[in-house]
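In: I need the structure of the sequence given here:
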Amino acid sequence: VQLVESGGGSVQAGDSLRLSCAASGRTFSSSAMGWFRQAPGKEREFVAAIIWSSDNTYYANSVKGRFTISRDNAKNTVYLQMNSLKPEDTAVYYCAAALRASIALRDFGSWGQGTQVTVSS
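Out: Down below sits the predicted model:
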């Protein structure tokens, strides 16, 4: 699976952004799609995920209520709507695909190149 993210940028605290992740290749082999982020000097962390079979969604506590993950099957695209952005949301955001229905980072084997999100106060 090939993944390409887009939609990052520089915004002010309180603003919104929508990230997109376009998937191509063996998309039918994926069981879950997720968003992760990595801030400078920190480890990559889970943000949100959606399980294909159940359409269940999962979120990190730090983004719950502010971020929404969704998908468009016809476009093979997953979105991350980010509202009420905070400076601590600043990071490179990565889209990833997993072969199993999981939200664990170790289960995501296909990754995009990442898109920078910068939130200033």
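
In: hey, let's count contacts and neighbours off CA atoms from now on
Out: OK.

In: what about Arg106, which SS state?
Out: Following DSSP: H, G, I helix; E, B strand; the rest coil, we place Arg106 in the helix state.

In: Find the residue ranges of this structure scoring beneath the pLDDT cut-off.
Out: Scanning the chain for pLDDT under 70 picks out 28.

In: Let's see that with 80 instead.
Out: Scanning the chain with the threshold set as pLDDT under 80 gives 26-29.

In: And the next helix or strand past the host helix or strand of Ala97?
Out: Using DSSP states H and E, Ala97 falls within strand 91-98. Counting by DSSP H and E, the next helix or strand C-terminal to strand 91-98 is strand 108-111.

In: residue closest to the middle of the chain?
Out: Centroid-nearest residue in the chain, with CA atoms, centre = their mean: Trp35, separated by 2.2 Å.

In: Thr57 versus the nearest residue to it once chain neighbours are set aside, what's the distance?
Out: Nearest non-adjacent residue to Trp35, counting by CA to CA, 6 or more residues apart in numbering: Cys95, 4.7 Å away. As judged by CA to CA, to the nearest Å, Cys95 and Thr57 stand 15 Å apart.
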